[in-house]
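**Q** Let me see the structure of the following:
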Amino acid sequence: MATRAKDACDLLDADHRAVKKMFKDYEELTQSRARSAAQKKLELARRICLELTVHAQIEEEIFYPALRSAIKDTDLLDEATVEHQSAKDLIAQLQEMSETDPMFDAKVKVLGEYVDHHVKEEKNEIFPKARSARKLDLMAMRDELEARKEELMGEHEAMA
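**A** I've put the predicted structure just below:
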């Protein structure tokens, strides 16, 4: 059986799975009593914020506009855009906070819940619409998403 070539939706879904694992790892660290757990949590929270920021940006710059022009019902894309903004607001709050702030873990947890909800909608509703849209070349879009993601990650690492 031939494996299906990875398209734009597969690339975005791989990001979703990676971030979901990071949230799970973060949750495990919140239960740890080890001294090193606090530093690991902070590093992981920063990584989650970076991954989500870049992921949202490539969706908003490339995936959503292409999909918006290829499908009739764009309500889901409007909702996804609002969900992105909610996540960005929480990310901005986390970036301003100290990891010792008593609300830090709660904000990471809520961010994870937002992302989980958003991912389910993309996977179950948006990706199927994208795959059935005849006007979209999801293979070419994957390459464009990948290139932009690498560029943005490089910019963020250069600033760090």
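**Q** count of neighbours near residue 31?
**A** By the criterion of other Cβ atoms under 10 Å, residue 31 has 7 neighbours. Any C-beta I mention is one placed from the backbone N, CA and C, and that applies to glycine too.
**Q** tell me which strands and helices the helix or strand harbouring residue 118 is in contact with?
**A** If you go by DSSP states H and E, residue 118 is part of helix 104-121. Applying 3 or more Cβ pairs under 8 Å, 6 or more residues apart in numbering; DSSP states H and E, we find helix 104-121 packed against helix 8-31, helix 36-58, helix 75-96.
**Q** if you set the cut-off to 7 Å instead, what comes out?
**A** helix 8-31, helix 75-96 (3 or more Cβ pairs under 7 Å, 6 or more residues apart in numbering; DSSP states H and E).
**Q** Ok, which of these comes nearest residue 109?
**A** Within these, the stretch nearest residue 109 is helix 8-31; the backing value is 7.4 Å (Cβ to Cβ).
**Q** For residue 148, which residues are in contact?
**A** Contacts for residue 148 (Cβ atoms under 7 Å, 6 or more residues apart in numbering) come out as 58, 61, 62.
**Q** go with 10 Å
**A** By Cβ atoms under 10 Å, 6 or more residues apart in numbering, residue 148 lies in contact with 54, 57, 58, 61, 62.
**Q** among the residues you listed, which ones are buried?
**A** Buried members of those, scored by 16 or more other Cβ atoms under 10 Å, are 54, 58, 62.
**Q** right, and the helices and strands packed on helix 104-121 - which one's nearest residue 123?
**A** Here helix 8-31 is closest among the helices and strands packed on helix 104-121 (Cβ to Cβ), at 6.4 Å.
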